[in-house]
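Chemist: What follows is a predicted structure for the sequence shown.
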Amino acid sequence: MSRIVSRVITATIPGRPAAVRAWYLDLTNLRRVHPLIVAVRQVGTALAADGTAITDYLVTDRMVVAGLRIRFTYRVQISAPPEGPIATLARQAPRIRLVGQVTFTPTGDATTIQETLTIHAPWPLRRLVATEAEQAHSRMFAAMAALFATGADL
């Protein structure tokens, strides 16, 4: 059986694509809207020759699995060219990788944000990781839309 699962999460965020994209690119902002993230620490930055900004973070999540509350820390890398889609890579134990591409498309006075996630995980964890990622990112985008709708402290 394949160890890879794909998910596509789409939401409409009130605001211009450049503003939504810029806010999303600072992973410390996502701590405010992602239901699992409890801490984010930027640990490195680089600029590729083509102008792509590459930022590395350590992220700590908290979740409940089988009635147990667990915390775990993992690495996330965000690669953002000056314009267009951004790429994300989250590396978690044991041998879990979430590879994402996020686009920001103008839709009237709003932005359609679409995230395509490719999830690599060992078989026993594959369904759990895919379900948790899809639910958490759907809730994250809904909270982000609510935050942008109020304009509160962006």
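Modeler: Cool, got the structure.
Chemist: Please count neighbours and contacts with C-alpha atoms only from this point.
Modeler: OK.
Chemist: T28 belongs to a strand?
Modeler: No: T28 sits outside any strand when classified using DSSP: H, G, I helix; E, B strand; the rest coil, being helix.
Chemist: Enumerate every residue touching N29.
Modeler: Taking Cα atoms under 8 Å, 6 or more residues apart in numbering as the definition of contact, the neighbours of N29 are W23.
Chemist: What pLDDT does the model give S2?
Modeler: The confidence metric pLDDT takes the value 55 at S2.
Chemist: My error: substitute V43 in the last question.
Modeler: 97.
Chemist: Also the one 5 residues further on?
Modeler: A48 carries a pLDDT value of 94.
Chemist: Apart from its chain neighbours, what residue comes closest to it?
Modeler: I54 (7.3 Å; Cα to Cα, 6 or more residues apart in numbering).
Chemist: now swap in G44 and tell me
Modeler: Nearest to G44 is D56, by Cα to Cα, 6+ apart, at 5.0 Å.
Chemist: repeat for M140
Modeler: When the adjacent residues along the chain are set aside, M140 lies closest to H34, with 4.5 Å between them (Cα to Cα, 6+ apart).
Chemist: How about the contacts made by the one you found?
Modeler: When the contact criterion is Cα under 8 Å, 6+ apart, the partners of H34 are 136-137, 139-140, 143.
Chemist: Rounded mean pLDDT for stretch 51-63, please.
Modeler: Averaged over stretch 51-63, pLDDT sits at 96.
Chemist: cool, stretch 109-126 as well?
Modeler: 95.
Chemist: Out of the contacts of H34, which comes closest to G151?
Modeler: Of all the contacts of H34, the one with the least separation from G151 (Cα to Cα) is A143, at 12.2 Å.
Chemist: Pretty sure the closest one sits in a helix.
Modeler: Yes: with three-state DSSP as the criterion, A143 is assigned to a helix.
Chemist: So what's the residue count around it?
Modeler: Applying the criterion other Cα atoms under 10 Å, we find 18 residues in the vicinity of A143.
Chemist: Nearest residue to it in space, please, no chain neighbours.
Modeler: Spatial nearest neighbour of A143, excluding adjacent residues (Cα to Cα, 6+ apart): V33 at 5.4 Å.
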